[in-house]
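S.K.: test case, fold it:
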Amino acid sequence: MNHASLWLKLADAGLPGIYWVRTVLYAKMIYVVKVRGGISEDYKSLYGVLMGDPVSPTLWNIFLCTFQLPDRPDDACLRGVHVSHLEHADNLVIISESRAGLQAHLDVLDVLACWCCANFLQGENVATES
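M.R.: Predicted coordinates:
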């Protein structure tokens with residue numbers, strides 16, 4: 001996830017300062033890599049969230065919450081809310097109550113590709129299971 005896009009989403013959501021502390025943390029953070037006993041030169045990262053930071057899963061959820069597939073009548077429905085997809089970490093599952101609905105969502109996955117491009121994300125191989 002691109003940090004600049006994440007900070008825009010935080011601003012759009014009007015979130016409190018506890019999240020904004022992360023912008024300073026990420027802006028000032030410098031990384032090094034240890035390989036074969038040597039250490040790399042310092043570098044900055046403009047992508048991703050910190051592993052082990054308790055706020056990182058929430059930051060990812062905030063980032064991803066703007067992705068939507070078009071509602072369909074055969075979507076799962078929880079208390080009147082259409083649910084067509086669920087995400088956890090870097091995994092996405094598309095759900096439907098019918099084969100035709102699932103296929104319809106798969107047919108419009110270009111929506112996901114466009115959303116990824118607009119949000120500076122790059123997708124990996126698609127794994128399907130039926």
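S.K.: quick one: the nearest residue in space to Val83 that is not next to it in sequence from Ser84, how far?
M.R.: Excluding its sequence neighbours, the residue lying closest to Val83 (C-beta to C-beta, 6 or more residues apart in numbering) is Ala76, at 4.5 Å. Every residue, glycine included, has its C-beta placed from N, CA and C. Note on Ala76: its distance to Ser84, by C-beta to C-beta, to the nearest Å, is 7 Å.
S.K.: related to what we said a few turns ago, phi and psi next, for the residue nearest to Val83.
M.R.: phi -60, psi 150 (degrees, to the nearest 10).
S.K.: surely it touches Ile94?
M.R.: No: judged on C-beta atoms under 8 Å, Ala76 makes no contact with Ile94 at a distance of 10.6 Å.
S.K.: so between these two, which is more surrounded?
M.R.: More crowded of Ala76 and Ile94, by other C-beta atoms under 10 Å: Ile94, with 18 against 14.
S.K.: related to what we said a few turns ago, identify the contacts common to Ala76 and Ile94.
M.R.: Ser84 (C-beta atoms under 8 Å, 6 or more residues apart in numbering).
S.K.: shared neighbours, Ala76 and Ser84?
M.R.: 95-96.
S.K.: any idea what sits nearest the residue nearest the centre of the chain, other than its immediate chain neighbours?
M.R.: Residue closest to the mean C-alpha point of the chain, counted by C-alpha atoms, centre = their mean, is Leu64 at 4.0 Å. Closest residue to Leu64 apart from its sequence neighbours, by C-beta to C-beta, 6+ apart: Glu87 at 5.6 Å.
S.K.: quick one: secondary structure of that neighbour?
M.R.: strand (DSSP: H, G, I helix; E, B strand; the rest coil).
S.K.: how far away is it from Ile30?
M.R.: Counting by C-beta to C-beta, the separation of Glu87 from Ile30 is 30 Å.
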